[in-house]
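*Asks:* how would this look folded up:
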Amino acid sequence: MKYVLAIAAVLVVALGVAGIVHGEADDSPGLQLLGGLLVIGAVAIGVRIVRRSR
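*Replies:* Residues are numbered from 1 along each chain as shown. Modelled structure (predicted):
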């Protein structure tokens, strides 16, 4: 189960990075903010998963 969550976290990070890049190209600060929040949230969840497994 934790592997599925880890893969999902990686996909969310990729989606967030794509949002940040798209937001820069379109000059959209809202999209950049949402992309950044996705990345930060996915990293936080990934760290939480790793810390609980130890």
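*Asks:* what stretches of this structure score poorly on pLDDT?
*Replies:* Judged against pLDDT under 70, the chain has no low-scoring part.
*Asks:* neighbours around Ser53, how many?
*Replies:* By other CB atoms under 10 Å, the residues close to Ser53 number 8. C-beta here means a position set from N, CA and C on the backbone, and glycine is covered the same way.
*Asks:* what does Ala9 give?
*Replies:* With other CB under 10 Å as criterion, Ala9 counts 19.
*Asks:* same check, this time on Ile7
*Replies:* Close neighbours of Ile7, defined as other CB under 10 Å, add up to 10.
*Asks:* and Gly35, by the same measure?
*Replies:* Gly35: 22 neighbours (other CB under 10 Å).
*Asks:* helix, strand or coil for it?
*Replies:* helix (DSSP: H, G, I helix; E, B strand; the rest coil).
*Asks:* which ones are touching it?
*Replies:* For Gly35, the contacting residues are 15-23, by CB atoms under 8 Å, 6 or more residues apart in numbering.
*Asks:* of all these, which comes closest to Leu34?
*Replies:* Proximity of the contacts of Gly35 to Leu34 (CB to CB) peaks at Gly19, which lies at 5.8 Å.
*Asks:* give me the spatial nearest neighbour of the closest one, chain neighbours excluded.
*Replies:* Once flanking residues are discounted, Gly19 sits nearest to Gly35: 2.9 Å by CB to CB, 6 or more residues apart in numbering.
*Asks:* for Val17, what are its contacts?
*Replies:* Residues in contact with Val17 (CB under 8 Å, 6+ apart) are 35, 39.
*Asks:* from Arg51, how far off is it?
*Replies:* Distance from Val17 to Arg51, counting by CB to CB, to the nearest Å: 23 Å.
*Asks:* ditto for Ile40
*Replies:* Here Ile40 is placed at a distance of 16 Å from Arg51 (CB to CB).
*Asks:* who has more neighbours, these two?
*Replies:* Between Ile40 and Arg51, counted using other CB under 10 Å, the more crowded position is Ile40 (12 against 8).
*Asks:* look up how far Arg52 lies from that one.
*Replies:* Remark: distance between Ile40 and Arg52 (CB to CB) = 19 Å.
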